[in-house]
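Undergrad: okay, sequence plus prediction incoming.
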Amino acid sequence: MNRISRIIVFFVLLFSPALLPAQVVSVSGIVQDAHTKEPVAYASVYMSVSQNGMTADSSGHFSIRLNPSSKDSLVVTFVGYQRFRLAAASIDPSKPLIVELERGSNSEVVVRTKVNKGLFLWKKIMSKKKMYNRYNLPNFSYESYNKLEVDLKNFNVNRAKKNFILKPFSFVFDNIDSTSEKEPFLPAYLIESLSDYYYQRSPRKYREVIKASHTKGFKNESISKLLGVMNQNVNIYSNYVNVIDKDFISPFNDNADIYYNFNVPDTQVINGQKVFHFTFTPKRAGQSTFEGDAYVISKTFQILRITMYIGKDANINFIDRVSIFQEFHAINDSIYFLTRDKFFTDFKVLGKKSLTLIGRKTTSYKDITINNDSIAGLFKDQNIEEVIKIDSAVTDHSDSLWNTMRHDTLSTNEKAIYQTIDKLLAMPKFKRLEHTLKFLGTGYKDIGNFEIGPWFNWVSSNRWEGARFRFDLGTNTGFNKKLYLHGYLAYGTKDEKFKGLAEAFWVVKREPNRTMLHISYSNDIDNGISQYGEVSQDNLFSIAIRKPNTSRRFINTQQINFNAFKEWGKGFSTELFLAHRMFTPLLNMLPKDSFPVSSGESLNSFEVALKLRFAYLEQFLEGDYFRYSLGTRYPIVEIMATKAIKGVFNSAYDYTKLSASIRDRMKISPLGTLSYKVYAGQVFGTLPFAFLEVHPGNDLYYYSKSTFNLMNRFEYVSDKYAGINIEHNIGSGLFRFIPLTRKLKFRQFWNIKTIWGSINDGNRALNDRLVKLEDSRMVPAFKFLDGGNYTEIGTGIDNIFRVFRLDFVWRLAPPQGLPRASRFGIFGSFQFQF
């Protein structure tokens, strides 16, 4: 070969990498769970073609040699996760590789043995359950640090920046994180809290002192309470684990072997200890169960760490997935205590490809103390089971002080959240957007120190008033933080009369025991609303859902009310009422002159009443002036006594009323929830219907839990009564056995409402008349149960399209003279629930 030929061959070899020896590089990375971001220890990492491989270490780290120019692929597998595959050519060796494994099935080899090792290990864990459950210790305490981050995912950044509403806030999108996870996300909000928690087993008592709370944009003590560990503790050793107010069967439930398959795929050595890798999966789809794995010490059967997931088949709304992670460390020779837990949730309100809200709650525990006499001494003077105290300066800590209080440091994303929120809160355009969204969602709009709304009461109509127009005006905290003034003026085009209300609320004291005063004057027709969250007749939407062919009865009520509410602690409260009421029947009712009196004015009364209420450990969400009950684990008892005084404000009646009720909502897992209300009362005196017990009816096709839905308003009257309402929400029930209804997440329920009533001869004689309706028919003014009962039973489908409920209601009693159309009804209602 001549010199020119040798030069040509040299340059061909130089610039032809395919002809050179393969360039092998080393790539380092970490294997982690795609949801919790926790390392996946001992995952298998290998190249699919060359079969070069290794096992990740206990922290999920690995280092493997590969040829980026080859057609090879990196494969990562682990029990309970989907197989991960990535082409070698797409790997950048200069950067650490983050491998995120998604939960799911993998084509694993199942080795069948005569002994079920998983079930055997589960039984061993259960034999130690009482010993390792921290709530079986005599007492313990710790300092907890809670951090809740909310991120946004699944949105088009370019489209969002061009949106005319979001365009002024486009700087927010500068915080998008496109490197930490497989899919980019936008850190949106961050809440932190620091508290001291104490527990005593006998007598059982809990105590939490919330020392600091970081909530940018609002300062609400009830939010701080809800973010404390008292309301968020997950105990894996309990029979049920509560997730967003739903009980899921724990893998360490006493009967978990009925619901779960258990397996031990391998054994590992962690920090010199032999550890079993324990996995659990549901036996049947659609049940309230978890899937996941745990690492269990072979000698003592204590759990070192556990990860639990709620599958997509679980009947829970708006949640794409839920992950719970807990880690335990030894605090002495025999006890491993919880030191870190995570709770991650993906919210998808509008479907699979819609905007996703990711909630990431991380809690760490330190300064753990167990079985200490000082803790017992702390509870010596605590007289109730649970106490949550909030430091007076809970939201007033500086950023520099927070840097010293946190158990760990904030990430770059978390710091950016606070900076962004500060900038947003200072923008007038953001405040206007916030007010607009509030107006659309709640119906109220702030204008300076005043508020208008709700908008859905502005226009309605009925047979008596024709078109009804109403305008509300109230004050907000800018006017006064303790005094709330509110009123409305309404006008009907048919009766051509103005109606209205004026009232004042004074929050005398908020904490620790609430005191509140209320005074009001109203003159309006009775629109039939009895409980928060129900639909009244004075509502834009009620026009479309009224029962046809029903002669609605109209009565005007003019009243002056004064009531004083006071809490006394330990769940006890009293409320004193003074009320002057005057009634004027208007349409389809007995006229006022049907009830003559010897002195005073007919249908005019003055009452003094006292209500006693006991609601042990009831929790509330505080608003600007009012608070909303979140319920309690215990029954709520109410007793009320009313005395009418003749002659005051020209009142014509002297009577006494007594009533009592007890109600509760109980979780009866795994059979759902059971709600009940038992009540009774009596009216002493001979009186017109307005002062007797008018049993609650419903003139709408919107289902009401507090009324008899096939009974019309003002249909039945008693002076002595007793009733019971029961509703059992089963959950998936029979629907979980049908693939379509299981996928649609339908829910099953049944209920029964019954009331026994009677009326004395004097009240029957006064009220048992015929009334002329607007269509000239003569019908009885009222009906009486005469010692019998009125009963409705119902069932239906709940959770249709996640928000709609359909009720099928049958009227069983009284049967006499009942037209077929009144024996059965179909009702609908809306509710937001998980």
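TA: Everything's here; your move. All of these numbers come straight from a predicted model, not from anything done at the bench. Numbers count the residues shown, from 1 in each chain.

Undergrad: what about Ile358, how many residues close to it?
TA: By other Cβ atoms under 10 Å, 22 other residues sit near Ile358. Backbone N, C-alpha and C define where each C-beta goes, glycine included.

Undergrad: wait, Lys415
TA: 15.

Undergrad: can you pull out the helices in the stretch 101-250 of the chain?
TA: Listed in chain order, the helices found in the stretch 101-250 of the chain under DSSP state H, counting those that start in this stretch are 117-127, 129-132, 157-162, 221-226.

Undergrad: and those helices, which one is worst for confidence?
TA: Among the helices of the stretch 101-250 of the chain, helix 221-226 has the lowest mean pLDDT, at a mean of 53.

Undergrad: who's Trp506 bridged to?
TA: Beta-bridge pairing for Trp506 (DSSP bridges): Leu483, Leu517.

Undergrad: Ala87 now?
TA: Ser73.

Undergrad: what's the answer for Asn729, then?
TA: Judged by DSSP bridges, the bridge partners of Asn729 are Thr673, Phe749.

Undergrad: repeat for Ser461
TA: Beta-bridge partners of Ser461, as defined by DSSP bridges: Ala467.

Undergrad: okay, now it: neighbour count?
TA: 18.

Undergrad: on the pLDDT front, check it for me.
TA: 86.

Undergrad: now Tyr260
TA: Predicted confidence (pLDDT) for Tyr260: 90.

Undergrad: all helices of the protein, in order?
TA: 3-14, 117-127, 129-132, 157-162, 221-226, 256-259, 373-378, 399-405, 412-425, 428-442, 739-744, 761-767 (DSSP state H).

Undergrad: out of those helices, flag the one nearest Asn239.
TA: helix 256-259 (8.5 Å; Cβ to Cβ).

Undergrad: what's in contact with that closest one?
TA: Leu119, Trp122, Ile249, Ser250, Asn253, Phe280, Pro282, Lys283, Arg284, Gln287, Thr289 (Cβ atoms under 8 Å, 6 or more residues apart in numbering).

Undergrad: could you list the buried residues of that helix?
TA: Of all the residues in helix 256-259, those buried under the rule 16 or more other Cβ atoms under 10 Å are Ala256, Asp257, Tyr259.

Undergrad: related to what we said a few turns ago, in CSV, list the helices of the chain along with distance to Asp472.
TA: Putting those into CSV (distance: least, Cβ to Cβ, whole Å) gives the following:
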stretch, distance to Asp472
helix 3-14, 85
helix 117-127, 59
helix 129-132, 56
helix 157-162, 35
helix 221-226, 25
helix 256-259, 52
helix 373-378, 48
helix 399-405, 41
helix 412-425, 28
helix 428-442, 12
helix 739-744, 39
helix 761-767, 35
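
Undergrad: among these, which is the most enclosed?
TA: Neighbour counts (mean count of other Cβ atoms under 10 Å) averaged over each of those peak at helix 221-226, with a mean of 18.

Undergrad: remind me which residues of the stretch 401-550 of the chain are low pLDDT?
TA: Low-confidence segments of the stretch 401-550 of the chain (pLDDT under 70): 425, 429-430, 528-537, 542-544.

Undergrad: what ranges in the stretch 651-800 of the chain fall below the confidence cut-off?
TA: Checking the stretch 651-800 of the chain against pLDDT under 70 turns up nothing.

Undergrad: just the strands in it please.
TA: 656-667, 673-684, 693-694, 717-718, 720-731, 747-758, 770-772, 778-780, 789-800 (DSSP state E, counting those that start in this stretch).

Undergrad: tell me which of the ones you listed is the most buried.
TA: Comparing these by mean count of other Cβ under 10 Å gives strand 717-718 as most buried, with a mean of 26.

Undergrad: chain center to it, what's the gap?
TA: Mean-position distance between strand 717-718 and its chain equals 38 Å (Cα atoms, centre = their mean, to the nearest Å).

Undergrad: now stretch 476-483
TA: The answer for stretch 476-483 is 28 Å, by Cα atoms, centre = their mean.

Undergrad: buried residues of that stretch, list them for me.
TA: Asn476.

Undergrad: put the alpha carbons of that stretch into CSV.
TA: Taking C-alpha atoms only, stretch 476-483 is exported to CSV below (Å, rounded to 0.1, in the frame of the first residue of the first chain):
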residue,chain,number,x,y,z
ASN,A,476,-66.8,42.5,56.8
THR,A,477,-63.8,42.5,59.1
GLY,A,478,-62.7,45.8,57.6
PHE,A,479,-65.7,47.4,59.3
ASN,A,480,-65.2,45.5,62.7
LYS,A,481,-63.6,42.2,63.5
LYS,A,482,-66.1,41.3,66.2
LEU,A,483,-69.3,42.9,65.0
